[in-house]
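Peer 1: model the structure of this input:
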Amino acid sequence: MNKQIKEAAENAGVQYGYLTLSLETVLLGKPTVIAKGQPPQTGEDAKITYKSFPKKKPQILDNGRANHYDINFIQEVKKDEWLGEKIPAKKGIPGKSVLGQRIEAMDGKDFALVYDEKSIYEKESSGIVTIHALFDGVIEHPYPPLSVQKHLQIPSDVGVETGNLEFTGSITIRGTILPGFTVKATGDILIESKEGVTGAELIQSTHGDVYVCGGIYGNKITKVMAGQNIYVQYTNDCYLAAKETIFISTYAISTDMKAQNIRVDENKGKLIGGRICAKNSIHAAWVGNQLGRKTDLIISLPDRKDSLKKIKEKSDEIENLEHDLKDLRGKLAQLQKFLHKMMPAQRQTYDKIASNIKEKESQIEIIEYEMDEILHLLKSSGNEKISITKAAYPETTLQIGSERSTIQQMTKGEFKLESGVLNV
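Peer 2: Okay, the predicted model is just below:
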């Protein structure tokens, strides 16, 4: 019976995948599968792994003696240290039809390691691509695009001997910053002196955190600005601005602040005087004082129309970059066939295209990160709040959006908009 079926199938062109049939199966009189092809198998996708770094969670202790190595504030790496790897995508396994025809398989999806080529290099062994630190330094971006920055260590104070500092990378200052001096860095800035800083003119990190182990006496001069967060024990007569969060352990007196979130210790932290501006939340235990010191707590609401416009612009920018990437990857794939016999000039062209691809992939990563920040603000819109756990004294002003109220008697609680009205 099987022989007869096979002969009939061969006459119909079937060449592969015959199944053995039983008499019972055939006698049922129903359509019966007599041959099965081999389906193609899609290759495995490329696997990307980056070295994981502990999240920075500094705690400012009462005595200012937090050990930043224990809290991973500065994340150091050594020259040639492994930072990540890529296991390439695998080729698909072709299938075969019952007619004997080859069925092409899709290869696994390819992904790129995204990193800063000025501080990280890659090498290949047994088909696996790994990336390594080009020099001793600190991790500036623990997320793609991964970046290593130089680390400048000042053994004592910043003052006459050092002059003002401006550095591409992170700075650790074992002492303090003397009055009138300035420290600028692209990465993190750590000031270890438990006495803190008095009268420095400017402390600025364009992309990282600023961590002052002690406090800041600003003398109405000092400005501290951070591309991410500020951590400090106490502040007096200064200005603080952070793109993300300002953390204060004990108190802030006559200090103007601006950040997405402002957190002063909710058990004992005090905000006395100053204009405190946030985009999402303000937390403190005590606000104002018994003398009626004017203190303004303000949360500004995002402009939804403007935010959506920015998202659209960034989305268009990503679309253009992805279009460019498609063209570049096509060119690279064509050149890759001749990689083993390229002349130096041709190899230079190949390397330039590969570098251009990585640069554009890095740009996309950064734009997507910026879009996520805007979307996060929009999603959290409506959850803005001012939290006062112990007491706010009279002459404290609370404002969310255009809703504003000045407290006339001591109060505490969680203040937010309810049906568009501030619940004071």
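Peer 1: got a list of what residue 193 touches?
Peer 2: By Cβ atoms under 8 Å, 6 or more residues apart in numbering, residue 193 lies in contact with 157, 173-176, 213-214. Quick note: C-beta positions are derived from backbone N, CA and C, even for glycine.
Peer 1: show the pLDDT at residue 127.
Peer 2: You'll see residue 127 listed with a pLDDT of 89.
Peer 1: and the next element down the chain from the longest strand along the chain?
Peer 2: In the chain, taking DSSP state E as the definition, the longest strand is strand 274-287. Next in sequence after strand 274-287, counting helices and strands by DSSP states H and E, comes strand 295-299.
Peer 1: after that following strand, next one along is what?
Peer 2: helix 304-336.
Peer 1: and the longest strand of the chain, what does it pack onto?
Peer 2: strand 245-253, strand 256-264, strand 270-272, strand 295-299, helix 344-380, strand 385-392 (3 or more Cβ pairs under 8 Å, 6 or more residues apart in numbering; DSSP states H and E).
Peer 1: the contacts of residue 193 in helices, which ones?
Peer 2: Among these, DSSP state H puts none in helices.
Peer 1: now a ChimeraX select for only the buried ones of those residues.
Peer 2: Per 16 or more other Cβ atoms under 10 Å, the buried members of these correspond to this ChimeraX selection:
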select :157,173,175,176,213,214
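Peer 1: closest to residue 149 among the contacts of residue 193?
Peer 2: Nearest to residue 149, judged by Cβ to Cβ, of the contacts of residue 193 is residue 173 at 16.0 Å.
Peer 1: on that earlier part again, now intersect the contacts of residue 193 with the strands, please.
Peer 2: residue 173.
Peer 1: among the contacts of residue 193, pick out the one closest to residue 187, please.
Peer 2: When those are compared for distance to residue 187 (Cβ to Cβ), residue 173 comes out closest, at 13.2 Å.
Peer 1: ok, what's across the strand from the closest one?
Peer 2: When bridges are called by DSSP bridges, residue 173 pairs up with residue 154, residue 191.
Peer 1: my guess is it contacts residue 188. True?
Peer 2: No: using Cβ atoms under 8 Å, residue 173 makes no contact with residue 188, being 11.3 Å away.
Peer 1: tabulate the contacts of residue 193 in a markdown table, adding columns for pLDDT.
Peer 2: Supplementary listing: these in a markdown table, determined by pLDDT from 0 to 100:
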| residue | pLDDT |
| --- | --- |
| 157 | 96 |
| 173 | 96 |
| 174 | 94 |
| 175 | 96 |
| 176 | 97 |
| 213 | 89 |
| 214 | 89 |
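Peer 1: out of the contacts of residue 193, which comes closest to residue 194?
Peer 2: residue 214 (4.9 Å).
Peer 1: is it true that the closest one touches residue 231?
Peer 2: No: counting by Cβ under 8 Å, residue 214 does not reach residue 231; the two are 11.2 Å apart.
Peer 1: pull the helix or strand with minimum mean pLDDT from this structure.
Peer 2: For the chain, counting by mean pLDDT, DSSP states H and E, helix 23-27 ranks last in confidence among helices and strands (a mean of 63).
Peer 1: following element in sequence after that helix, please.
Peer 2: Taking DSSP H and E, what comes next after helix 23-27 is strand 47-50.
Peer 1: for that next one, buried residues please.
Peer 2: In strand 47-50, counting by 16+ other Cβ under 10 Å, buried: residue 50.
Peer 1: now swap in stretch 205-222 and tell me
Peer 2: Neighbour counts over stretch 205-222 (16+ other Cβ under 10 Å) mark 205, 207-218, 221-222 as buried.
Peer 1: so what strands line up beside the longest strand of the chain?
Peer 2: strand 256-264 (parallel), strand 270-272 (parallel), strand 295-299 (parallel), strand 385-392 (parallel).
Peer 1: avg pLDDT for that strand?
Peer 2: The model assigns strand 274-287 a mean pLDDT of 95.
Peer 1: low-scoring stretches of the stretch 251-400 of the chain, by residue?
Peer 2: For the stretch 251-400 of the chain, the stretches with pLDDT under 70 are 380.
Peer 1: pLDDT weak spots in the stretch 101-250 of the chain?
Peer 2: 141-144.
Peer 1: ends of stretch 164-174, how far apart?
Peer 2: Its start and end residues considered, stretch 164-174 measures 16 Å (Cα to Cα, to the nearest Å).
Peer 1: what sits up against it?
Peer 2: Under the contact criterion Cβ under 8 Å, 6+ apart, stretch 164-174 has outside partners 74, 137-138, 140, 149-158, 181-193, 208.
Peer 1: same question, stretch 129-136
Peer 2: 76-86, 88, 113, 115, 118-124, 146, 148, 150-151.
Peer 1: which pair in the buried residues of stretch 205-222 spans the largest distance?
Peer 2: Spatial extent of those (Cβ to Cβ) is set by the pair 207 and 217 at 26.6 Å.
Peer 1: wait, what's in contact with the closest residue to residue 362 other than its chain neighbours?
Peer 2: Sequence neighbours aside, residue 145 is the residue nearest to residue 362 in space, at 4.2 Å (criterion: Cβ to Cβ, 6 or more residues apart in numbering). Residue 145 makes contacts with 114-116, 361-362, 365-366, as judged by Cβ under 8 Å, 6+ apart.
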